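Visitor: Got a sequence here, can you build the structure:
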Amino acid sequence: MEPLFTSTAVVAVGEIGDKTQLLAIVLAARFRRPLPIIAGILGATILNHTLAATLGYLVSDWLSGAAFRVAVGIGFMAMAAWALIPDKADDEEGLAKSRGGVFVTALISFFLVEIGDKTQIATSLLAARYHQILPVAAGTTLGMLIADIPAVLLGEAATRIVPLRYVRIAAALMFGLIGVWVLLAAFRVV
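Guide: Numbers count the residues shown, from 1 in each chain. Here you go, the predicted structure:
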């Protein structure tokens with residue numbers, strides 16, 4: 001259960017203020033149809049994070065030992081630094097109404113925006129750390145939904161509940177602590 005819970009917490013906190021959450025707000029304001037937007041987020045996240053977790057799992061199969069654990073720990077430390085950098089919504093590229101409607105627009109937009117995003121990279125790192133695909137992908141998908149559904153339902157009001165600066169700091173601390181923990185384990189300190 002640890003991979004599921006850790007993955008959920010890491011992504012739920014890391015996603016707040018992220019560009020995909022801002023995309024959720026933009027889509028909600030533009031289309032005012034929350035259910036197809038949420039369904040699009042779910043579909044895109046399942047696909048994207050399952051691929052990312054699979055990649056992390058496979059990489060951890062090929063690489064092992066202390067050097068790999070150090071690389072994963074450093075990856076989490078880099079994620080901590082990255083979490084402190086504010087995201088902004090990308091241009092409205094990809095947000096035009098498609099023939100498939102709101103669902104397809106949300107699905108494609110979220111899938112593309114999530115490629116190379118910090119939550120996707122965190123998913124790969126978590127799968128490498130825990131050497132599990134399903135619990136990590138399920139946890140990161142749940143974390144994404146925990147952060148993005150309120151953004152869709154509340155729109156811009158969601159960003160006013162908690163100042164994003166504090167959320168970014170909390171996310172950075174979480175990524176940093178996981179990085180330190182992985183590094184300490186790599187050197188057999190814990």
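
Visitor: which residues does the residue positioned nearest the centre of the chain contact?
Guide: For the chain, Thr119 is the residue whose C-alpha lies nearest the centre (CA atoms, centre = their mean; 2.4 Å). Neighbouring residues of Thr119 by CB atoms under 8 Å, 6 or more residues apart in numbering: 11, 14-15, 18, 20, 49, 140, 143-144. From N, CA and C alone the C-beta is placed, and that goes for glycine too.

Visitor: Export the residues you listed as a markdown table, with columns for distance to Leu112 and neighbour count.
Guide: Shown next, in a markdown table, are the contacts of Thr119 (distance: CB to CB, whole Å; neighbours: other CB atoms under 10 Å):
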| residue | distance to Leu112 | neighbour count |
| --- | --- | --- |
| Val11 | 18 | 30 |
| Gly14 | 19 | 29 |
| Glu15 | 16 | 27 |
| Asp18 | 14 | 27 |
| Thr20 | 10 | 27 |
| His49 | 14 | 30 |
| Thr140 | 17 | 34 |
| Gly143 | 20 | 27 |
| Met144 | 15 | 31 |
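
Visitor: Specify which member of those residues is nearest to Ile41.
Guide: Proximity of the contacts of Thr119 to Ile41 (CB to CB) peaks at Met144, which lies at 6.9 Å.

Visitor: roughly how far apart are the closest one and Ala71?
Guide: 25 Å (CB to CB, to the nearest Å).

Visitor: what's the weakest-modelled helix or strand in this protein?
Guide: In the chain, the helix or strand scored least confidently by mean pLDDT, DSSP states H and E is helix 158-161, which has a mean of 58.

Visitor: Which SSE is immediately downstream of the lengthiest helix in the chain?
Guide: Counting by DSSP state H, the longest helix found in the chain is helix 34-62. Next helix or strand after helix 34-62 toward the C-terminus (DSSP states H and E): helix 66-83.

Visitor: Please identify the buried residues of the longest helix of the chain?
Guide: If you call a residue buried by 16 or more other CB atoms under 10 Å, then helix 34-62 has these buried ones: 34, 36-38, 40-57, 59-60.

Visitor: tell me what that helix is packed against?
Guide: Judged by 3 or more CB pairs under 8 Å, 6 or more residues apart in numbering; DSSP states H and E, the packing partners of helix 34-62 are helix 19-31, helix 101-114, helix 118-130, helix 134-154.

Visitor: now for those helices, which one comes closest to Ile178?
Guide: The minimum distance between Ile178 and these falls on helix 118-130, with 7.9 Å, by CB to CB.

Visitor: For the closest one, what is the distance to the chain centroid?
Guide: Remark: helix 118-130 is offset 9 Å from the chain centroid, using CA atoms, centre = their mean, to the nearest Å.

Visitor: Many thanks, we can stop here.
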